[in-house]
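Participant: my questions are about this predicted structure, shown below with the sequence.
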Amino acid sequence: MLRQTFYGALLTAALGLHAGDTVKLAITGPFTGGSAPMGTSTRDGAKLAIAEINAAGGIQVGGKKMKIEVIERDDEAKNERGALIAQELAAMNDLSGVIGTVNTGVCMAGDRHLQEKGITKIICPAAGSASMTQWSKAGVKDLSIFRFAAHDGIQAAMVVEEAINRKFTKVAVIFDSTNYGVSGRDDILNQIKLQGNKLQVVAQEKFNIGDKDMTAQLLRSKAAGAQAVLIWAIGPELAAVSNGMAKIGMKAPLIGGWTLSMSNYIDNAGKNGNGTLMPQTFIEEPITPRAKAFIDGYHKTYHVDRIPSAVAAAQGYDAVLIFAAAVKQAGSTDTHKIKAALEDLKAPVKGVIATWNHPYSKWNPADVTTHEAFRREQVVMGMVQDGRVVFGNAADRARLIKEAAGTPAKPAAKPAAKTKGKTK
Amino acid sequence: MNALIIGQMAVSGALMGLVYALIAYGFQLTYATSKSINFGQGELVMVSAFFSLTLTNLGAPYWLMVPGGLLFGALLGLIVERAGVRLALEQKSEGWILLSIIIGLFFFSAAENIWGRDDRPFPTPISADPINIFGVDVTRLELSVAVGVLAIMGLVELFKRRTLLGKAFEAVSADRDAAELMGISATRTVMLSYGLSGAVAALAGILVSPITTVGPTMASALILKAFSVAVVAGLDSGFGVVVIGMALGALESLASFYLGSGWREAPGLTLLILALAVRPTGVFGKAAIRKV
Amino acid sequence: MRRILLLRGAELIVFALLGTIPLLVVNPYALGLLTLLAIYGILLIGLDVTVGYLGQVNLGHVAFLGLGAYAAGLAVTRFGLGMVPALAAALVVGLLLGALLALPALRLEGPQFALATLSFAALSTTALNELESLTGGAQGLSLERPPLFGHAITPAIFYWLCMILLALVWMVMRNLLSSQWGRAFEALRDSPIATDAMGVGTYYHKVAAFSLGSGLGGLAGGLYAFNFQYLQPQSFVYELMIILLLGVVLGGRKSLWGAFVGATVVVLLPNLLSNRLLFHLFSGAGFAVALVSGLRGLLKKTTRPFQAFAPVVAMGILAIGGFFVENTEDWRKGIFALMLFSVVVGLPEGVMGFLAIFLAKLFRMPPSALPEPSDLDVVLPPRAQGDGPMLVLADLRRHFGGVKAVDGLSMQVRAGTIHGLIGPNGSGKSTVVNVISGLYTATSGGMSLRGAELPQGSLNRVARAGVARTFQNLQLFSELTAIENVMVALKGVYKMPLPLVLLGFARLEERRAQADALALLDLIGLKDQARTKAKDLTYGAQRFLEIARALARKPDLLILDEPAAGLAHPDVIQQIEIIKRVHARGVTIILIEHHMDVVSELCDQVTVLDGGKVIAEGAPDVVKRHPKVIEAYLGTASGPAPADGAEPLPA
């Protein structure tokens, strides 16, 4: 089924046919290389949703049902590829929208081409603040770029809040040398200031992608008396930090971005990962029927026994549902009309992460949250325990169970939401 | 306290440096016989590690998995030699540089698609709990890396000195033409060196994987450093790579401690350029007299 | 003429076509690709200077792209400069840092050079990443295109700007590379020692070549910055470097067109995979081409079996595998690898190297005719027969550790004579020659040429003082033609300053240089093979060519290091003839030789060395009978010299 759609898409694209009865949706992201686990998870999650929609006959657009046609582009996590792909997409006349991008740098380099042509894009799952704030800085009046990810601002606020709640006073900030890590550091420092300077940053340490020996950074943090490590980085290197802490006998909890929930951290850190805290939007655990259907569907379709990045996959899935809802409401495949519909989505969308009520509103340069779907309340604190992510705070769990039981129209009982964003 | 920290840094760095040294040693093996090195050596490390992981997952015990992985690495080395190096060497062209990069690229792509793009843990029976030696924390895992690296290098050196095949290896390294005149097949010796080099790369993968995890990009950072170590030590000094490898590893650790972690690699790189400018054949390499 | 017209015509047509594209095509994506093509074209032309002409694997080029990009970006964002000064800044940063890196990297070759440049690239990424206050670090640098001469820059204008710069770079580089500069770069690649010994400054040329290539990298970086308007240090890393390197090799080294083709491939290839049908068509066609050309090569026996089969297998995997793989994008790298593998194995000279041969056949383009040879009296004026000593060695010593290769040697070479230097193997002859010619520095002792102190330890300075030499183990510039080998060494012809060379005025000197070189080739009997690559000449002809090349230095003293070694008998006779002709023009010659018959026939005076010391001196016939000489050669003082036997002694 999926394969047919895919071939169909390519064939039509190849022949340059302007099939008037499909909704053309581009999915971009890094499908090869170091960021690929997130890129492919997003893509595959999104394609799962598309396959379901198409299996049901398509989206009701105006008078007829139209299927979604996928155009895939691998940006290799490279800015210049991203920019070229954006130019290519911008040059397509009948494109309805774009979903994707993992790396904030790729957003920075490419999104301007889409914005110039007013093509609707939902950034998913790049979480770096800059990919939205660039538009408020530029004072853009009318924006066609949306985001579907818990951006770093929310996450950093939660991380700092958590450290304060746990009565820490001295923390080390450790981050990787990519755009993601560095802007995460800025967000954390900014949040510490905003929340009253209750934390003293005793060490700021950086490492490069591929580094596996973190002894130097950790020894400095330990020597400075850090009680907790606030961290912004990606997968395997995070595990190296946890393992390094165990090695030098440093007993301080790791609190950081959502990437700490990726299996490449949890598996590789093993028992050294216990107690690690991170904001979450989704956990690969079939707690609700909706989540179970999604997780089983993913495993079966892609022949895996775990999702490389469950957060990315779930967000890709929900982003497609939201996009489809906008197409239906607009009653058109015209990307400008879809954008208008997204800014005022009337019907709630039942996603796998939550039920989305009016996720976006009319763009206001002074307030980026108008084009951000995630709010603080959709994100909870997760904690690693024996190779799984569980609730960091019992209160969150209780609240979500109550919500799921009590109000069906509100977010389906999902423990954690996740945000992701990895940038190179 | 301070001396302890320096000691800890130096030891941690130096142990990691031994892995650079082992991969660098793989460069030396092929350079000795053919004056070529495999620029895709990192992919050999990675693919062999994935293969060994698969063996483990299939239930092979550690003692069986290691030789299995080494054999696989040797096989890959032979593929590189046959497909990428032999023709170029026959034509006396530098094509091997590109071809070895290209073959590496193919291995990378294959690994991405066969084993996935994610990093995975590599199970090992050796404990990762730290033990304290004179105030310095070291894990058994790190020690096992050191032991493994030195053991295989010792074994290969022994092989080169004590066996007939090994002596042929030495003969071709010393003077290819003279060796050919003595009836030693240079082509087969080059094959042997690539096979050995592949096995060494595989062992590097098996040893380092429990620390770094296994993933398609696991070796990309390692390989550049190994290359540096090989060239700075001199492409003909096995002893040199161990010394330089440990020194570079320790220097990196200390640099990131004292200069700030972002500058970790800067002193090493600067020293490297300077060392080459002063001694182009490497610190431990034989200084060549220019002859015409 | 026809050839020039065709080539220039092709260039004009291509650039004219590229120039009109924005008028015809409104698709911004196509325009974006073409803009990038122009930028990469400049970048790869720069890389080709080191990779193609200098023959070194340069892994640092990507750093100059990055440094140039940041130079331009910072010029605009921090200093508020306009586009033209920003691009100039990018160019200058590339030139200067290139020269700076060339200094320590100068002595390095092969893997060492590759590593030095790689380290530089890593260092510059680190610096760009860490200097956050200046560059914005990992979070990147956003910039706007400043207006050009008051006009806002539309994509079309920017495209034209890039194309104009590419055309300029193209012209300038064509002028430079077809001049003595280009030859010197290639000579450096084939034999740095001989380049030095021919009085062409290796140091100077290597720095110049590297700096120039890096400057182009910087300029391309400036355009890159304005094209993407967002910079991150992590864009300029090893991975991109590898792609650039593959682009140059794929297109064809030492070729502007090759760089252009390489850039096209680098830019377009990733897009090819986006389209499944196109991919099937392409891989199928590739398979067919590989199959046909492989079979043809096998039948004609022009290719080895591996070279014929490997591309077929690789393209076969691609063509067939394409139908089994669910998602070609996932296999992107593997697909590139297979295609590149086929091209590198099947077309070692790159696409353009292959096409050039093919097109030359198609259009039957003969190379432009050579001029008439100059008068030999002009090229190599007859020397006045002075009678003083030409070369005086006084108590010369050269020790290698404990080995005393030359141990207190004193001798005089009279002007206008042929002076033989003989001795058994290991007697120190070659070391003497290497000390005189400047390859080694003497441990002690003095040397003077025509009464003036001879410089020590520098082949180049000795060459400039008027000494030329040949090499026992041939050191020809093997990829250059016979006439180019001679032209590289020509003294006193190239006077054009660099700026005029860049503008193409060197062509005026070229005719003269060709004529002069042809006269020298005529002297050694190779005039008819002027256009043959040195590596394709017969062994004998290569030995003769070494002499012609040395003569191009118009030397006072010519050192011939075993000119008859390994020659067949007829060639030996010709060689003797050539040396006599050279001698007749009054050139003083030192002849190191094993063939006693050659020595007897040619030399006026012979010095015999053993153990680094003079054991006999005198006329050939006298020396031959000297008991010490016989002992040194035969290892015994007794008995008469054997009657025949070519190697050691009599004839």
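Facilitator: On my side now, so go ahead.

Participant: A:Lys328: neighbouring residues, count only.
Facilitator: Each residue near A:Lys328 was counted by other Cβ atoms under 10 Å in any protein chain shown, and the total is 19. C-beta here means a position set from N, CA and C on the backbone, and glycine is covered the same way.

Participant: which element is it on?
Facilitator: Using DSSP states H and E, A:Lys328 sits in helix A:310-330.

Participant: tell me what that helix is packed against?
Facilitator: Helices and strands in packing contact with helix A:310-330 are listed as strand A:22-29, helix A:36-55, strand A:59-61, strand A:95-100, strand A:121-123, helix A:289-302, helix A:335-342, strand A:349-350; criterion 3 or more Cβ pairs under 8 Å, 6 or more residues apart in numbering or on different chains; DSSP states H and E.

Participant: shaky segments in the stretch 1-150 of chain C?
Facilitator: C:1-2 (pLDDT under 70).

Participant: so what's the residue nearest to the spatial centre of chain C up against?
Facilitator: By Cα atoms, centre = their mean, chain C has its centre lying nearest to C:Glu186, at 1.8 Å. Neighbour list for C:Glu186: C:Tyr53, C:Gly55, C:Lys254, C:Phe477, C:Glu479, C:Leu480, C:Glu484 [criterion: Cβ atoms under 8 Å, 6 or more residues apart in numbering or on different chains].

Participant: between the residues you listed, which is closest to C:Glu593?
Facilitator: Comparing the contacts of C:Glu186 against C:Glu593 with Cβ to Cβ picks out C:Phe477 as the nearest, at 24.4 Å.

Participant: give me the three-state assignment for the closest residue to chain B within the stretch 101-250 of chain C.
Facilitator: Chain B sits closest to C:Pro104 of the stretch 101-250 of chain C, with a gap of 3.6 Å, by Cβ to the nearest Cβ. With DSSP: H, G, I helix; E, B strand; the rest coil as the basis, the three-state label of C:Pro104 is helix.

Participant: please identify the helix or strand for B:Val47.
Facilitator: Per DSSP H and E: B:Val47 is located in helix B:41-57.

Participant: repeat for C:Asn460
Facilitator: Counting by DSSP H and E, the element that carries C:Asn460 is helix C:459-465.

Participant: roughly how far out does that helix sit from the chain middle?
Facilitator: Its chain's C-alpha centre and that of helix C:459-465 lie 20 Å apart, by Cα atoms, centre = their mean, to the nearest Å.

Participant: got the buried residues for that helix?
Facilitator: Going by neighbour count (16 or more other Cβ atoms under 10 Å in any protein chain shown), the buried part of helix C:459-465 is C:Leu459, C:Asn460, C:Arg461, C:Val462, C:Ala463, C:Ala465.

Participant: got a list of what the residue in the stretch 251-400 of chain A positioned nearest to chain C touches?
Facilitator: When scored by Cβ to the nearest Cβ, the stretch 251-400 of chain A has A:Tyr302 as its residue closest to chain C, at 10.1 Å. For A:Tyr302, the contact set (Cβ under 8 Å, 6+ apart) comprises A:Asp44.

Participant: again, but for the one 4 residues further on
Facilitator: Residues in contact with A:Arg306, defined by Cβ under 8 Å, 6+ apart, are A:Ser263, A:Glu284, A:His299.

Participant: got phi/psi on it?
Facilitator: Main-chain torsions, A:Arg306, degrees, to the nearest 10: phi -160, psi 150.

Participant: continuing past the helix or strand that the residue nearest to the centre of chain C is a member of, what's the next helix or strand?
Facilitator: Here C:Glu186 sits within helix C:180-190, counting by DSSP H and E. Using DSSP H and E, the helix or strand that directly follows helix C:180-190 along the chain is helix C:192-197.

Participant: which other residues reach that following helix?
Facilitator: By Cβ under 8 Å, 6+ apart, the residues outside helix C:192-197 that reach it are B:290, B:292, C:109, C:184, C:187-188, C:202, C:205, C:437-439, C:458-460, C:462-463, C:468-469, C:471, C:475-477, C:488, C:549.

Participant: cutoff 7 Å now
Facilitator: Residues outside helix C:192-197 that contact it (Cβ atoms under 7 Å, 6 or more residues apart in numbering or on different chains) are B:290, B:292, C:184, C:187-188, C:202, C:437, C:459-460, C:463, C:469, C:471, C:475, C:477.

Participant: does the helix or strand just after it reach chain B?
Facilitator: Going down the chain from helix C:192-197, the next helix or strand is helix C:202-228, by DSSP H and E. No. Using Cβ under 7 Å from any Cβ of the partner chain, helix C:202-228 never reaches chain B; the gap is at least 12.6 Å.

Participant: for the following helix or strand past helix C:202-228, name the packing helices and strands.
Facilitator: Moving toward the C-terminus from helix C:202-228, the next helix or strand (DSSP H and E) is strand C:230-231. On a contact count with 3 or more Cβ pairs under 7 Å, 6 or more residues apart in numbering or on different chains; DSSP states H and E, strand C:230-231 meets helix C:61-77.

Participant: neighbours of residue 71, how many?
Facilitator: Let's take chain A. Count around A:Ile71 with other Cβ under 10 Å applied: 20.

Participant: if you could check chain B rather than the one you did, that'd help
Facilitator: Look at B:Leu71: counted by other Cβ under 10 Å, it has 16 neighbours.

Participant: tell me the phi and psi of it?
Facilitator: Per-residue torsions, B:Leu71: phi -60, psi -40 (degrees, to the nearest 10).

Participant: look at the residue in chain A positioned nearest to chain B and report its pLDDT.
Facilitator: Closest to chain B within chain A is A:Gly210: 3.0 Å, counting by Cβ to the nearest Cβ. With respect to pLDDT, A:Gly210 scores 77.

Participant: which SSE is it in?
Facilitator: Going by DSSP H and E, A:Gly210 is not part of any helix or strand.

Participant: if I look at the spatially closest residue to it that is not a sequence neighbour, how far off is chain C?
Facilitator: Nearest residue to A:Gly210, sequence neighbours excluded (Cβ to Cβ, 6 or more residues apart in numbering or on different chains): B:Ala221, at 3.0 Å. B:Ala221 sits 10 Å away from chain C, going by Cβ to the nearest Cβ, to the nearest Å.

Participant: my guess is B:Ala221 contacts A:Asp213, does it?
Facilitator: No. B:Ala221 is beyond contact range of A:Asp213, at 10.7 Å (criterion: Cβ atoms under 7 Å).

Participant: more neighbours, those two?
Facilitator: Set side by side, B:Ala221 and A:Asp213 show more neighbours around A:Asp213, with 25 against 17, by other Cβ under 10 Å.

Participant: how close does the residue lying closest to that one once chain neighbours are set aside get to A:Ala216?
Facilitator: Counting by Cβ to Cβ, 6+ apart, A:Asp213 lies nearest to B:Met16, which is 4.8 Å off, once chain neighbours are set aside. To A:Ala216, B:Met16 is 11 Å away according to Cβ to Cβ, to the nearest Å.

Participant: and the helices and strands packed on helix A:310-330 as a markdown table, adding mean pLDDT?
Facilitator: What follows is those, written out as a markdown table (pLDDT from 0 to 100):
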| stretch | mean pLDDT |
| --- | --- |
| strand A:22-29 | 94 |
| helix A:36-55 | 93 |
| strand A:59-61 | 90 |
| strand A:95-100 | 95 |
| strand A:121-123 | 96 |
| helix A:289-302 | 89 |
| helix A:335-342 | 94 |
| strand A:349-350 | 90 |
